[in-house]
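Enquirer: The following block contains a protein sequence and its predicted model.
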Amino acid sequence: MIEQLLNGLALGMVYALIAVGYSLVFGVLRLVNFSHGSVYAFGAHMALFFVGLQFGVIPAIVFSIILTGILDILIDKFSLAPLRKKKSKGIAALITTIGIAYIIQNLLMIFFGSQTKPFPAIFDYGYVTVLGISIKSTQLFILVVSLILLAILTYVVKFTKIGLSMRAVEQNQKAASLMGINVNSVIRFTFFLGGASAAIAGSLISGYYQVVYPNMGFLAGLKAFSAAVLGGIGVLYGSIVGGLVVGVSESYAAALLGGSYRDAVAFIILIIVLLFKPTGLFGKKDITKV
Amino acid sequence: MAKKLALKNNTIVDWISKLRNYYYAHKKVFFIALAVLIVLTPYISPSQYILRIIIMVGIYTILALALGLVTGYTGQVSLGHASFYAIGAYTSALLSTHFGLNFFITVPISAIVAAIGGLLLGLPTLRLSGTYLAIATLGFCEVVRMILLNWQSVTNGPLGVSKIPRPSIFGYELTLANNGLYYLMIVLLILTTACMIAIVRSKMGRALKAIREDELAATMMGIKTTYYKVLAFVISAFFSGLAGAFYAHLIRYIDPNTFVFDTSIMILSIVILGGMGTINGMFLGSALLVSFPEVLRFLQEYRFVVYGIVLVMMMRFRPQGIMGGQKKSNYQFPSGTIMNRNTTQTKFSLSQENSVEGGV
Amino acid sequence: MAFLEVKGVSKHFGGLAAVDKVSLEVNQGEIISVIGPNGAGKTTLFNMLTGAHALTEGEIIFDGEPIHNHTPQEIVEKGLARTFQNIRLFPELRVIENVLIGMHIHTQYSFLDILFRTKKFRKIEVEKHQRAIDILDSIGLKQQVHNYAVNLPYGDQRRLEIARAISTNAKILLLDEPAAGMNPQESEELLEFIKELRDQGYTIILIEHDMNVVMNISDRIVVIDYGKKIAEGLPEDIATNKRVIEAYLGRSE
């Protein structure tokens, strides 16, 4: 049982990392960024590619993070920013991100092949024993790395100047822009953060399962999004709690009900939570102005 | 140069408006020509392969009309319509393979089962706002797919249902070769279209559009927004189920992989490309997108990249879709409405409404 | 008993009392203006009257029946309809459709009537369209029936909002700054129109900043400041009321 719990927690942290990307972008744009799952897959493939070049695992992953962050900025700059300028309806942006997802996912298939590729075990050191419990080192690694990253993200959003700007844009874009905040660069920074955390999540999960494939972002993205909504989209710690809930319940479902049901668990929990708390566990209620 | 171009543009506009006027003047001629074309299509069609694609266009048009009611007219994004398509297909397939029921019995049952699915999903989730609704429908779609995959004793799991019988009327089997399936598709399509037109040109259609335009203002006009959203959703699920049932008997083999997220996105793309809040746009959008992979076969694996680019470009340059947006033509009043009544007696009749209604 | 009785209603947002124990009575066929500085709570009061906000305390009685626990839909059906300060038309719908939507609650045919386009359906549709044209005609928008609401000039949009409110068969119209953004001639016409509405038996509650309009048209005026009612009376009394002048111009000490 402990094993399932640990597995679930590790998985949950990765979901949380992806969920944060949804949540951040939703916060500033009120947009569900459907391209995020494919961005995560892109990050994993970049990690695979750079690790393959044999100049060290850490630099390879750093490259992947930066590239993926830049990709997210480009997505915003070339597809979403023009829509904002035209003051398009929300649905236009939503469809745009779905289009982007198609583009990225299929380009990955073309360049890397649609088959499942092995990913090197970059952080597997066997089992370690902590407090008398033997834990897979990969799980421990994921837990520790994601915790550190989420802490850094929380710090950036809560305590830095750019984080303050992000929260200002989230509250009221117009007012923020009148206060001299460059809204577009804040949005771009948000996208960078989202892309970067997706790349880290991609690298971690690929190192954990040791496989990579272009469609990997689809289900993971959906589940992470469920996690974000579950916790209350737009709330950072909500994403973390949501991710953990999804990860742990999925892990137990796989053990108790059999592997084939695990993928549905996230959605069932999501629908149930939404029924009772339509804005998620920690979500704030929007006041409609008449 | 610029003048010349403007001149040329003008002639094109002239030409289009002439054509439109001609169309309005000779509507009957156009309709008869269209009807003849529809009837003759199987005989003109060069191969069964083409005919099959045409039938698929018809199925997707039904799906798009169904989703169009929810997304195009009511403004609620559903990313899970493949689930209703699946429920319809599986219900009909299982009823006919296990119990040997006739297509014409299983189809209405399938549509109703799908509609019940729509009700079960719609009742709780349509209180949610846009984003949450989108994700809840998507989640529902995945859950349905998981059930299809795992409930092996009933659905046969990943292997799917095969040997689904063809539809037959009094023992006469409808096939691709005898064009029966084609005409059946046309009948279902006309049925769906007629229902949709009837709905959108009524107080219900207006209520749905009001919800799309401004839900709060709609509430303030006395529209029971949740009721109408759920109703639209249920009707939409009904026709999606209908399309699914027909699909099952057309292809004669179904498995869970036909009804995935991509299918939902395909339907949504048709609605958006064709033009949200239109009926004719659904036909055009479906014709374009369904034939798209076939026509663009030469692009091979780049097809779906192009597909993505088309979606992005569309949203950027014509978000209202090909047929959507404001129309130049006048509003069509129901026949019998008099525009210029003798206004001296009606000018200040604002409070007489009740006496008028007494007669109804 | 008055037609509409508002008894000590309050609305709190968190700790802030946007409206604080306001009472007022409206008689049938009156034009009442609610005035006050920006942020005084006038629109919040309207929101409570039409069911958009739940009350924190107090009650609202319309035609002898309490309505404060009702949904917005039920309140419209009872006969209170409103316009919005920031115009909330259905922008991408035609002018006539906007009015027809206002008639939704008393367009009574069933779903089966819709599907089969029965005689009843067609008869009611013609009637409603006819009446929509009449309403638009009386407010001077008949030429615009085919146009889309979003394309109308500002003044026409405000008029269309009033037309839409009338089309609900309301007995009381709540008009939130109907003359805002209109030029003097337009607002003069609007004034005449509102008076005509009253003469036909409509009861009108008005939020307005244009003092000219208010003084000209109102049977009584209610003044709100910081969520509290600070004065109520005939226009000439309000114009000279000390507290009102203070609220608008600040205390001069």
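Expert: Arrived safely, thanks for sending.
Enquirer: Can you show me the strands along the chain?
Expert: Reading this off chain A. Taking DSSP state E as the test, the strands found in chain A are A:117-118, A:127-130, A:133-136, A:211-212.
Enquirer: Wait, chain C was what I had in mind.
Expert: Using DSSP E, the strands found in chain C span residues C:4-13, C:16-26, C:31-35, C:57-62, C:65-66, C:80-82, C:172-176, C:203-207, C:220-225, C:228-233.
Enquirer: so residue C:75 touches residue C:47, yeah?
Expert: No: under the criterion of C-beta atoms under 8 Å, residue C:75 makes no contact with residue C:47, lying 11.2 Å away. C-beta coordinates here come from the backbone N, C-alpha and C atoms, glycine included.
Enquirer: Is chain A within reach of the helix or strand containing residue B:145?
Expert: Using DSSP states H and E, the secondary-structure element containing residue B:145 is helix B:130-150. Yes: Helix B:130-150 comes into contact with chain A (C-beta under 8 Å from any C-beta of the partner chain), by way of B:130-132, B:134-136, B:138-140, B:142-143, B:146-147, B:149-150.
Enquirer: Out of these, the closest to chain C would be?
Expert: residue B:130 (17.0 Å; C-beta to the nearest C-beta).
Enquirer: what residues are up against the residue nearest to that closest one when sequence neighbours are not counted?
Expert: The shortest distance from residue B:130 to any non-neighbouring residue, by C-beta to C-beta, 6 or more residues apart in numbering or on different chains, is to residue B:77 (6.1 Å). Residue B:77 sits next to A:91, A:94, B:71, B:130, B:133, B:134, B:137, B:268 when contact means C-beta atoms under 8 Å, 6 or more residues apart in numbering or on different chains.
Enquirer: Same question for residue C:119.
Expert: Residue C:119 is in contact with no residue at all, counting by C-beta under 8 Å, 6+ apart.
Enquirer: any weak-confidence spans in the chain?
Expert: Using chain A here. Chain A contains residues with pLDDT under 70 at A:259, A:284-290.
Enquirer: nope, chain B
Expert: Within chain B, the set of residues satisfying pLDDT under 70 comprises B:1-10, B:341-360.
Enquirer: what element comes up after the helix ranked longest in it heading to the C-terminus?
Expert: The single longest helix within chain B, with elements called by DSSP state H, is helix B:225-251. In the C-terminal direction, the helix or strand that comes right after helix B:225-251 (DSSP H and E) is helix B:261-274.
Enquirer: what helices or strands is that following helix leaning on?
Expert: helix A:90-112, helix B:48-67, helix B:81-99, helix B:130-150, helix B:280-295, helix B:303-317 (3 or more C-beta pairs under 8 Å, 6 or more residues apart in numbering or on different chains; DSSP states H and E).
Enquirer: would you turn those helices into CSV with mean neighbour count?
Expert: As requested, those are arranged in CSV below (neighbours: other C-beta atoms under 10 Å in any protein chain shown):
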stretch, mean neighbour count
helix A:90-112, 21
helix B:48-67, 23
helix B:81-99, 26
helix B:130-150, 23
helix B:280-295, 20
helix B:303-317, 19
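Enquirer: Could you identify which of the strands of chain A is most buried?
Expert: Per-residue neighbour counts averaged over each of the strands of chain A give the maximum for strand A:211-212, namely a mean of 18 (mean count of other C-beta atoms under 10 Å in any protein chain shown).
Enquirer: May I have the strands that pair with that strand, each with its orientation?
Expert: When sheet partners are counted by DSSP bridges, strand A:211-212 sits next to strand A:117-118 (antiparallel).
Enquirer: which other residues reach the partner strand?
Expert: Contacts with strand A:117-118, where a contact means C-beta under 8 Å, 6+ apart, come from A:48, A:210, A:211, A:212, A:213.
Enquirer: if we take those, which one ends up nearest to residue B:173?
Expert: residue A:213 (42.9 Å; C-beta to C-beta).
Enquirer: Make sure that closest one is actually in contact with residue A:115.
Expert: Yes: contact criterion C-beta under 8 Å: residue A:213 and residue A:115 qualify, at 6.9 Å.
Enquirer: Could you find the closest non-adjacent residue to residue A:154?
Expert: Spatially, and ignoring its direct neighbours in sequence, residue A:154 is nearest to residue A:236 (5.7 Å; C-beta to C-beta, 6+ apart).
Enquirer: Likewise for residue C:210?
Expert: What sits nearest to residue C:210 in space, not counting adjacent residues and going by C-beta to C-beta, 6+ apart, is residue C:179, at 5.3 Å.
Enquirer: Tell me how many other residues surround that neighbour.
Expert: Using other C-beta atoms under 10 Å in any protein chain shown, residue C:179 has 25 neighbouring residues.
Enquirer: From the chain's centre, how far out is stretch A:260-267? Work that out for me.
Expert: In terms of C-alpha atoms, centre = their mean, to the nearest Å, the centre of stretch A:260-267 is found 18 Å from the chain centre.
Enquirer: Give me the contacts around that stretch.
Expert: Contacts with stretch A:260-267, where a contact means C-beta under 8 Å, 6+ apart, come from A:219, A:222-223, A:226-227, A:246, A:249-251, A:253-254, B:138-140, B:142-143, B:146-147, B:149-150.
Enquirer: Which residue does the stretch 101-250 of chain A have closest to chain B?
Expert: Closest approach between the stretch 101-250 of chain A and chain B, counting by C-beta to the nearest C-beta: residue A:102, at 3.2 Å.
Enquirer: how about the closest residue to that residue other than its chain neighbours, what does it touch?
Expert: Beyond its immediate neighbours in the sequence, the residue positioned closest to residue A:102 (C-beta to C-beta, 6+ apart) is residue B:308, lying 3.2 Å away. By C-beta under 8 Å, 6+ apart, the contact set of residue B:308 is A:99, A:100, A:101, A:102, A:103, A:106.
Enquirer: Next: residue C:41.
Expert: For residue C:41, the contacting residues are C:11, C:18, C:19, C:20, C:22, C:224, C:226, C:227, by C-beta under 8 Å, 6+ apart.
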